[in-house]
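> Here is my input, please return the structure:
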Amino acid sequence: MKKAKIYKPAKTAMQSGLKKFDKWILEYITDDPTINPLMGWESSTDTLSELKMDFTTKEKAIEYAKRNKIEFELIEPKERKIVKKSYSDNFIK
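Okay, the predicted model is just below:
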């Protein structure tokens, strides 16, 4: 049986807002990637590794995986710690 991972994507360093990061992704894990002898790229005969599915909630992604008998690994997002700073803090210390 294929194994998948369910995760919430992190924003890139080029993005400041969190608008488009409310979805959960189910992505299949490739078993054995090989090196293509012609081009030298990493390739696989497993076409499921190219598939990514978006879900609005974590529960819907888990429900889909269970309904289709997909073994999955759930990766919880790390919560950011926001430190509120004031401009005047630069001059106090």
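> Please name the strands paired to the helix or strand of the chain with the lowest mean pLDDT in the sheet, noting orientation.
Lowest by mean pLDDT, DSSP states H and E among the helices and strands of the chain is strand 42-43, with a mean of 76. According to DSSP bridges, strand 42-43 forms sheet pairs with strand 34-35 (antiparallel).
> What lies in contact with the strand it pairs with?
Strand 34-35 is contacted by residues 41-44 when judged by Cβ atoms under 8 Å, 6 or more residues apart in numbering. Just so you know, the C-beta spots here come from the backbone N, C-alpha and C atoms, and that holds for glycine as well.
> what's the neighbour count on residue 48?
Residue 48 sits with 14 neighbouring residues when counted by other Cβ atoms under 10 Å.
> Where do the strands of the protein begin and end?
Using DSSP state E, the strands of the chain run over residues 3-7, 24-28, 34-35, 42-43, 52-55, 71-75.
> could I get the ones you listed as CSV with distance to residue 16?
CSV is the format used below for the strands of the chain (distance: least, Cβ to Cβ, whole Å):
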stretch, distance to residue 16
strand 3-7, 21
strand 24-28, 21
strand 34-35, 38
strand 42-43, 32
strand 52-55, 22
strand 71-75, 24
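> which stretch in the ones you listed is the model least sure about?
Of all the strands of the chain, mean pLDDT reaches its minimum on strand 42-43 (a mean of 76).
> Could you give the separation of it from the chain centroid?
20 Å (Cα atoms, centre = their mean, to the nearest Å).
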